[in-house]
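> take this sequence and fold it.
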Amino acid sequence: MSDQLSLLRQAGVISALDEELARTLARIAGEDDELVLLGAALVSRQVDNGHVCLPLAAPVFASLPLHVDLPSGARPWPEASAWLRALRRSRLVGGAESVTPLCLDDSGRLYLRRYFEYERRLAAEIRARAEPTDLPVDEARLQEGLDRLFGSAQGEEDLQRTAAESAARRPFTVISGGPGTGKTSTVVRLLALLVEQAFSAGLPAPRMHLMAPTGKAAVRVAEAIRNAKAGLSCTESVRSAISEEATTIHRALISAARGDDPGRRARPQLLTDIVLVDEASMVDLQLMVRLFDAVPPRARIILLGDQHQLASVEAGAVFGDICGAGLSEDTRGRPSTLARSIVRLTRTYRYAADSGIGKLASAINAGDVDATLALLRPGRFADISLCETPPSEQGSGALRDDILRGYAPYLAEPDAARALRLFDGFRLLCAHKHGVSGADGMNARVAEWLFEDGLIERPDGNFVGRPVLVTQNDYQNKLWNGDVAVMMRASPAGPLSACFVSPRGEVRRFASARLPPHQSAFAISIHKSQGAEFDEVAVVLPNEPSKVLTRELLYTAVSRARRRVVIHGSAAIVAAAVRRTISRSSGLRDALYPDAIR
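Purely as a prediction, here's the structure:
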């Protein structure tokens, strides 16, 4: 046992932490079965890789690190049936109602107990909220409001109306759609309907909590709602009752935190009537459980997101699992109860009919390699293109030209607010964080190019025009993970300071020493770009396929662009990305609809 685990750790299949967990459990329980300890180490590795469980009953463990070549001296991977037998007779492993550190469910999924409880608890909360309720509804007022705010909508617009009506009748609603499909405009009109319902019943305006996974996303949703509600067809009292303040989920839950013990009973402590979560695809399992625990049963939870975007960094693909469960049917062809709570918006209002960006995003999302490459052929569309010069050979040429053209306007602008607006006109997105073609490597290279062209005063350290990205929330200074600033001087001889611009347009200056952890932002990872929008995007792909390079990653990158996207990478790498899709192991979809066809 010890030799096998050590060999797997040395080969990078498991980490030192995974090995130590297995060894600790062995000492506590007196367990000496190698298969049990191997399962413990691998389920720990699964969680670190974003999965919730280890699906041992599957004939092919495609989502596990089992496809790697085993190191010399290591024994072959065990058969699934032998593995399951060993786990079922172990004192470390139990079923749903036991208190063992590992849990094996009826479908052959092995969990760390905590994550099994998270999954079961969240599924129960969602199923309860998706059931028909006796929420009071003024039908006449609701229909009048729907007609006034949505009109006699047909087709795709009718889906927006359906989403609003669904949320008015039940405590749980999911609105999924890509960029530009009208999620924000739909939810603002929905909030107006809910305020009107409260006023019609003689009640005060409902208490609203607007949330997002990151500080930057919270700022964006607040700004979007502030702008959208100005054009609502409603009274001023209704308009003013729609909240414009948003916060991170973590911040909102500080007052409701009860620790992470999954055995505790949920006692909702958020004083709220409506919780709206934007960018919900980025919310991991543990955080979503904490959120649902903190919201009163009769309060409405509205999740907005794009189920085709990248999943959360931490364990789980909660938003995608919820949307998938809503599509399930049982053996009689009956949809899940959850289906009535989920609306998918598919029509984009951002791109013109002759735009290639929307078509490219759709082809990538569909996994259609041939269509994706056909759309990227030279001259097919003016707003999308593929440059196949390898990143390692980009000392000059298309990528450098894109960089100089994209960043020159903001670097020439002396006003901080205008410079930041111009900076958002172009962004370099990378599939990886590290390496020559990763965000770190490309940041250094971009600075060199800009310095060589005379656009910045130095290629390293702090300098006028250096863009910085905050990577950790700073509640004291109200700077959030994802916030972007530009280093500038208030006067020609003055010190450098990081200039941030608030949603209302005020410039906030911070000395470098006061900044939370941050990094240069000429190039950012595609993960960091989620929720953002830029006029033009250059996407740098690596020379070789990797587990990070997936359909969801490429879709997320392409859909960040409003007007133009250039992919720098080979056609073979693009094809490999489109073929590879993220598959996170979890049992949430089954738990949400246990009667569905499998």
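> show me the contacts for residue 460.
444, 447 (CB atoms under 8 Å, 6 or more residues apart in numbering). In this view, the C-beta of every residue, glycine as well, is placed from N, C-alpha and C.
> confirm it sits in a strand?
No - inclusion of residue 460 in a strand is not indicated when DSSP: H, G, I helix; E, B strand; the rest coil is applied; the result is coil.
> spit out the contact partners of residue 314.
Contact analysis of residue 314 by CB under 8 Å, 6+ apart lists 50, 284, 285, 286, 287.
> low pLDDT regions in the stretch 251-400 of the chain?
255-268, 326-336, 353, 390-396 (pLDDT under 70).
> let's see 80
By pLDDT under 80, the low-scoring segments of the stretch 251-400 of the chain are 254-269, 309-316, 325-338, 346-354, 389-397.
> which stretches of it form strands?
With strands called from DSSP state E, counting those that start in this stretch, the stretch 251-400 of the chain shows them at 274-277, 300-305, 342-345, 384-387.
> of all those, which lies closest to residue 199?
Among the strands of the stretch 251-400 of the chain, the nearest to residue 199 by CB to CB is strand 274-277 (14.3 Å).
> kindly export that closest one (C-alpha atoms) in PDB.
Only the C-alpha atoms of strand 274-277 are listed here, as PDB (Å, rounded to 0.1, in the frame of the first residue of the first chain):
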ATOM      1  CA  ILE A 274     -35.300  37.900  -3.300                       C
ATOM      2  CA  VAL A 275     -31.800  36.700  -3.900                       C
ATOM      3  CA  LEU A 276     -30.400  37.200  -7.400                       C
ATOM      4  CA  VAL A 277     -27.100  35.500  -8.200                       C
END
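> against which helices or strands is the helix or strand of the chain with the lowest mean pLDDT packed?
Least confident helix or strand of the chain, by mean pLDDT, DSSP states H and E, is helix 2-10 with a mean of 76. Applying 3 or more CB pairs under 8 Å, 6 or more residues apart in numbering; DSSP states H and E, one finds that helix 2-10 contacts helix 16-29, helix 34-48.
> which of those helices sits closest to residue 483?
Closest approach to residue 483 among the helices and strands packed on helix 2-10 is made by helix 34-48 (27.5 Å; CB to CB).
> what does that closest one contact?
For helix 34-48, the surrounding residues in contact (CB under 8 Å, 6+ apart) are 1, 4-5, 8, 13-15, 17-19, 21-23, 25-26, 31, 52-54, 56, 63-65, 78, 82-83, 86-87, 90, 92-93, 101-102, 110-112, 115, 315, 585.
> quick one: the helices in the stretch 151-300 of the chain?
Counting by DSSP state H, counting those that start in this stretch, one finds helices in the stretch 151-300 of the chain at the ranges 156-169, 183-200, 215-229, 236-241, 249-253, 285-294.
> include distance to residue 543 and mean neighbour count when you put the ones you listed into a markdown table, please.
Formatted as a markdown table, those follow (distance: least, CB to CB, whole Å; neighbours: other CB atoms under 10 Å):
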| stretch | distance to residue 543 | mean neighbour count |
| --- | --- | --- |
| helix 156-169 | 40 | 20 |
| helix 183-200 | 36 | 23 |
| helix 215-229 | 31 | 21 |
| helix 236-241 | 53 | 15 |
| helix 249-253 | 37 | 19 |
| helix 285-294 | 34 | 23 |
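> need these in JSON lines with distance to residue 539, can you?
What follows is the helices of the stretch 151-300 of the chain, written out as JSON lines (distance: least, CB to CB, whole Å):
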{"stretch": "helix 156-169", "distance to residue 539": "28"}
{"stretch": "helix 183-200", "distance to residue 539": "24"}
{"stretch": "helix 215-229", "distance to residue 539": "20"}
{"stretch": "helix 236-241", "distance to residue 539": "39"}
{"stretch": "helix 249-253", "distance to residue 539": "29"}
{"stretch": "helix 285-294", "distance to residue 539": "29"}
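> of the ones you listed, which approaches residue 517 most closely?
The nearest among the helices of the stretch 151-300 of the chain, by CB to CB, is helix 215-229 at 13.2 Å.
> so which elements touch the closest one?
The criterion is 3+ CB pairs under 8 Å, 6+ apart, and the helices and strands that helix 215-229 contacts are helix 183-200, strand 208-212, strand 246-248.
> in JSON lines: those, plus mean pLDDT and distance to residue 524.
Converted to JSON lines, the helices and strands packed on helix 215-229 look like this (pLDDT from 0 to 100; distance: least, CB to CB, whole Å):
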{"stretch": "helix 183-200", "mean pLDDT": "88", "distance to residue 524": "23"}
{"stretch": "strand 208-212", "mean pLDDT": "90", "distance to residue 524": "18"}
{"stretch": "strand 246-248", "mean pLDDT": "82", "distance to residue 524": "19"}
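> among those, which is nearest residue 237?
Of all the helices and strands packed on helix 215-229, helix 183-200 sits nearest to residue 237, with 7.4 Å by CB to CB.
> starting at the chain centroid, how far to the closest one?
25 Å (CA atoms, centre = their mean, to the nearest Å).
> what segments of the stretch 451-598 of the chain are helices?
Using DSSP H, counting those that start in this stretch, the helices of the stretch 451-598 of the chain run over 551-558, 571-579, 588-592.
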